[in-house]
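1. here is a sequence together with a model predicted from it:
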2 protein chains.
Amino acid sequence: MSVKLEIAQEILLNLVTVMPRERVPLQECWRRILGETVTSDMDFPPFDRSPLDGYALIADEVAAATPENPVILRQIDYIPAGENPHTAVRAGTACRIMTGAPLPPAATGVIRLEDTVLQGNSVAILAGKGADKNICFRGEEIFAGEEVVAQGTVINAGVMGMLAVLGKSRPYVFCKPRVALIATGSEIVPVDFPLVPGKIRNSNSYMLSAQVADAGGQTVLLGNASDNVDEIAHLLETASDCDVFVTTGGASVGDYDLIGEVYKKLGITLLFDRVSIKPGMPVLAGTRDGKLYLGLSGNPAAAAISFEQLVRPVLMKMAGRKVWWRPRIKAILASPFKKATGAKRFVWARCWQTANDILVEPSRGQGNGMLKSAMGANSIIVIPENSPPLPVGTEVEVVLLADA
Amino acid sequence: MSVKLEIAQEILLNLVTVMPRERVPLQECWRRILGETVTSDMDFPPFDRSPLDGYALIADEVAAATPENPVILRQIDYIPAGENPHTAVRAGTACRIMTGAPLPPAATGVIRLEDTVLQGNSVAILAGKGADKNICFRGEEIFAGEEVVAQGTVINAGVMGMLAVLGKSRPYVFCKPRVALIATGSEIVPVDFPLVPGKIRNSNSYMLSAQVADAGGQTVLLGNASDNVDEIAHLLETASDCDVFVTTGGASVGDYDLIGEVYKKLGITLLFDRVSIKPGMPVLAGTRDGKLYLGLSGNPAAAAISFEQLVRPVLMKMAGRKVWWRPRIKAILASPFKKATGAKRFVWARCWQTANDILVEPSRGQGNGMLKSAMGANSIIVIPENSPPLPVGTEVEVVLLADA
């Protein structure tokens, strides 16, 4: 069953559900996905406070003050940050106040220290305008009952800070989907093995482990297996705690293309075995007991594209994200793409902005086996099906990669 | 000493050097910075190989084959992936070959299985064109002696795969700079403490820890300290293994602005104590024994911007990166920025692409204390010094943030 990309994506996305949640110390939450909607149980700031060091006072009293005509007030209190005022401000008085300290009752403004002079107990206000602007009002940033951060939010630096403000020292986050990776192929040896003739090293598992991490998953590296149904099947069964099982190799036509047979042996229901994209056409997808099995091409560049298009959105959904797709922009081809395209094609590329345009250029080395093209890419050009060769200047759709 | 932003950046960048290196298992290398230039000691692929399942043969012999006029060859060998050929191809013969297997001597092409029919020992080739294209030649991707990945490269998925290809199971990466974080202020309590009147929670340390991680550093959370020189000084000295020391709070004018005094007490040489940007003007920088001390504002939004502009590039350099700055693009204001600007200003924003333009809009809530504006931002608008209010349609410079 060969299916169109969009159909394949829909089949897989419909099959998976969002992971359960766990509580994690806040300092470990960066890049995790928030598993709860966080509502504030109080106003923030929790009290009217001073945003600077200076004097809290009645704003109207000093509005006209200038260096030539200062207004003289009597200092009656001293409020360091973290302490509460002892008394209210009255006409003719001012309270010395520190950044972050609560405003004393009746104060309607703050004058910064640099615009004052203290002599004994008397404060001369030298510039009195805008004192009422120097207050951070209670509830100004967050009001009690407000939904401040939504479930599914990616925890970036700002969100980390906000969760701390709200006292979420161990917020709920979604568990990371666990992804088992196996590289199949009798020609493959582990990365730290000596390379004898006829063999190559397992690179797919490492490349894909980075792609899994970037999609919010957690990799379980199961190593490599030879072209043997029983061996691959056994290895898959050792990882029963995983949620998604990805193999590379053995996915296309031929007697050593074994993943279909592995699925049969394990009672995995085949969903499709080809997707009309290039590279990465041979892709098996299967399911058993609500878990997902994907057999990608053994060619790194093909496996990487299949993963991007089919596995990444699934992991993003499972990981609790609200947006499963990378951002796309329009860009102008700075060098031609000379091949005609049958099936929808994905081309590793670099894009950059000039004075007038965003330009994009395919990476060198787009062959199936070519990791180099993926290595330096910051984007992927999407070429629609049945396109002619594309000359310089063609507007194309470009998927932006974040990690380059 | 108030300095311009560019001068402050230069002072700090000149002071720090790249971290030493460590060897790390490849599976833990995602997002790390490669600490060595990796040269290949062999060709890759290490042998001419077949990119598909089919028959290796002499390409010229079958070039004219069609379903109506097939060319019949004798199968003489069978080469699974991972094994070596037993014999050369001769005129009138073909070797069955698997994806990834080495080509037999004298073979000049491969015909895919789908274009053949096997009967007994005879193979009928039904489509013979382009057989010579179906070979991955030895050294096609990498040649022996080639510098394949440069020191300072960010290890993305493609680089992970390439390092595996080259057998780098424990590559050198640069050590992460260790960044000690302290939130100062007597009004601050730890995030899991009950919030009594006059107090707020330590949010800066968590926000900054995410910013540190994003810049390639490793956070050492030292908690919070009250407005007390001895307490802050003692806390700083407990983290002598750290490379950079960042405090928040106590950085501006006033008697409770203590970081300058802490530096004096500890014999830290002050480099500057103000930078002409908004927000984030109060920034102390000091150095002692080759280590860097930075005192940022206690206001989260100001601290975040100071960190972005001053600490991030320093950490990026220390972490071994070749590029220390975020990408910048030009965009068009979709809503006005109504304030006139004295010192260079940074405004949290969201940008997006439309049919013709990239538009950008300031986040709501740009006050100093406002974490909300940072939370949802995907970019920062840079407003040059001495700018008038900016109407809709103004072209502005925008810094792109990756983690939103």
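-> Okay, I see it.

2. so, low pLDDT: which residues of chain A?
-> Applying pLDDT under 70 to chain A flags residues A:252-257, A:365-369, A:403-404.

3. kindly state the domain boundaries assigned to it.
-> Recorded structural domains for chain A (assignment: automatic domain parsing) are A:2-19+A:175-318, A:21-44+A:140-174, A:54-133, A:328-400.

4. and those as JSON lines, adding distance to chain B?
-> Yep, even glycine has a C-beta here, placed from its N, CA and C like the rest. Output for the domains of chain A, formatted as JSON lines (distance: least, C-beta to the nearest C-beta, whole Å):
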{"stretch": "domain A:2-19+A:175-318", "distance to chain B": "3"}
{"stretch": "domain A:21-44+A:140-174", "distance to chain B": "3"}
{"stretch": "domain A:54-133", "distance to chain B": "3"}
{"stretch": "domain A:328-400", "distance to chain B": "3"}
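
5. out of those, which gets nearest to B:Ser203?
-> Among these, domain A:21-44+A:140-174 comes nearest to B:Ser203, with 3.8 Å by C-beta to C-beta.

6. thought A:Val123 was touching A:Ile97?
-> No: between A:Val123 and A:Ile97 there is no contact under C-beta atoms under 8 Å: 11.6 Å.

7. ok, the two, which is more surrounded?
-> A:Ile97 (31 against 26; other C-beta atoms under 10 Å in any protein chain shown).

8. identify the residues contacting the more buried one.
-> A:50, A:53-56, A:79, A:103-104, A:110 (C-beta atoms under 8 Å, 6 or more residues apart in numbering or on different chains).

9. redo those as a markdown table? Include secondary structure and neighbour count.
-> Written out in a markdown table, the entries for the contacts of A:Ile97 read as follows (DSSP: H, G, I helix; E, B strand; the rest coil; neighbours: other C-beta atoms under 10 Å in any protein chain shown):
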| residue | secondary structure | neighbour count |
| --- | --- | --- |
| A:Ser50 | coil | 26 |
| A:Asp53 | coil | 22 |
| A:Gly54 | strand | 27 |
| A:Tyr55 | strand | 27 |
| A:Ala56 | strand | 31 |
| A:Ile79 | strand | 24 |
| A:Leu103 | coil | 24 |
| A:Pro104 | coil | 24 |
| A:Val110 | strand | 29 |
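
10. kindly indicate which of those lies nearest A:Glu10.
-> Nearest to A:Glu10 among those, with distances taken as C-beta to C-beta, is A:Ser50, at 55.7 Å.

11. residues contacting the nearest residue to A:Val347 once chain neighbours are set aside?
-> Leaving out its chain neighbours, the residue that sits closest to A:Val347 by C-beta to C-beta, 6 or more residues apart in numbering or on different chains is A:Ile381, at 4.3 Å. By C-beta under 8 Å, 6+ apart, A:Ile381 lies in contact with A:331, A:333, A:337, A:346-347, A:349, A:360, A:362, A:396-398.

12. mind running it again at 7 Å?
-> A:347, A:349, A:360, A:362, A:396, A:398 (C-beta atoms under 7 Å, 6 or more residues apart in numbering or on different chains).

13. A:Asp241 too?
-> A:Arg178.

14. look up how far A:Val179 lies from it.
-> 11 Å (C-beta to C-beta, to the nearest Å).

15. and what of A:Thr66?
-> 68 Å.

16. quick one: which of those two has more around it?
-> Using other C-beta under 10 Å, the more surrounded residue of A:Thr66 and A:Val179 is A:Val179, with 29 against 12.

17. surely the more buried one is within a strand?
-> Yes: under DSSP: H, G, I helix; E, B strand; the rest coil, A:Val179 falls within a strand.

18. how about A:Pro313: what's its closest non-neighbour residue?
-> A:Pro313 sits nearest to A:Trp324 (C-beta to C-beta, 6+ apart), 4.2 Å away.

19. quick one: that neighbour and A:Arg312, what's the gap?
-> 8 Å.

20. who has more neighbours, these two?
-> A:Arg312 (20 against 16).

21. contacting residues for the more buried one?
-> Contacts of A:Arg312 by C-beta under 7 Å, 6+ apart are A:211, A:215.

22. equivalent analysis for the one 3 residues further on, please.
-> Taking C-beta under 7 Å, 6+ apart as the contact definition, A:Leu315 lies against A:177, A:179, A:212, A:215-217.

23. could you do A:Arg288 as well?
-> Here A:Arg288 is in contact with A:266-269 (C-beta under 7 Å, 6+ apart).

24. again with A:Pro20
-> Applying C-beta under 7 Å, 6+ apart, the residues contacting A:Pro20 are A:Cys175.

25. if we use 10 Å, what do you get?
-> A:35, A:172, A:174-175, A:320 (C-beta atoms under 10 Å, 6 or more residues apart in numbering or on different chains).

26. can you give me the strands for the stretch 251-400 of chain A?
-> Under the criterion DSSP state E, counting those that start in this stretch, the stretch 251-400 of chain A contains strands at A:269-272, A:274-275, A:277-278, A:284-288, A:291-296, A:328-333, A:344-353, A:358-362, A:379-383, A:395-400.

27. how far away from the center of its chain is the longest one?
-> Once both centres are worked out by C-alpha atoms, centre = their mean, to the nearest Å, strand A:344-353 turns out to sit 21 Å from its chain's centre.

28. ok, now stretch A:281-288?
-> 27 Å.

29. out of the contacts of A:Ile97, what pair is the most spread apart?
-> A:Asp53 and A:Pro104 (14.9 Å).

30. hmm, back to that, could you identify the most distant pair in the contacts of A:Ile381?
-> A:Pro362 and A:Val398 (10.9 Å).

31. joint contacts of those two?
-> With C-beta under 10 Å, 6+ apart as the test, A:Pro362 and A:Val398 both reach A:333, A:347, A:349-350, A:380-381.

32. one step back: if I look at the residue nearest to A:Pro313, how far off is B:Gln353?
-> Distance from A:Trp324 to B:Gln353, by C-beta to C-beta: 19 Å.

33. same deal with A:Gly161?
-> On the measure of C-beta to C-beta, A:Gly161 and B:Gln353 end up 28 Å apart.

34. those two: who's more crowded?
-> A:Gly161 (29 against 16).

35. over to that one: give its phi and psi.
-> Backbone torsions of A:Gly161, given as degrees, to the nearest 10, read phi -60, psi -40.

36. look up how far A:Phe346 lies from it.
-> 37 Å.

37. got it, and A:Met318?
-> A:Met318 is 23 Å from A:Phe346, by C-beta to C-beta.

38. the more surrounded of these two?
-> Shown here are A:Met318 and A:Phe346; by other C-beta under 10 Å, A:Met318 has more neighbours (26 against 23).

39. ok, that one touching A:Pro177?
-> Yes: A:Met318 is within contact range of A:Pro177, at 4.2 Å (criterion: C-beta atoms under 10 Å).

40. who touches both of the two?
-> With C-beta under 10 Å, 6+ apart, A:Met318 and A:Pro177 have common neighbours A:16, A:18-19, A:215-217, A:243-244, A:292.

41. A:Asn134: what's it in contact with?
-> A:50-52, A:54-56, A:59, A:97, A:103, A:109-112.

42. and it, how close does it get to B:Met370?
-> 15 Å.

43. which SS state does the nearest residue to A:Leu236 once chain neighbours are set aside fall under?
-> Among residues not flanking A:Leu236 along the chain, A:Phe245 sits closest, at 5.6 Å (C-beta to C-beta, 6+ apart). At A:Phe245 the chain is in strand, as set by three-state DSSP.

44. tell me which residues touch A:Phe245, please.
-> Contacts of A:Phe245 (C-beta under 10 Å, 6+ apart): A:178-182, A:220, A:222, A:235-237, A:239, A:266, A:268, A:286, A:288, A:291-295.

45. of the residues you listed, grab the buried ones for PyMOL.
-> Buried residues among the contacts of A:Phe245 (16 or more other C-beta atoms under 10 Å in any protein chain shown), as a PyMOL selection:
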select buried, chain A and resi 178+179+180+181+182+220+222+235+236+239+266+268+286+291+292+293+294+295
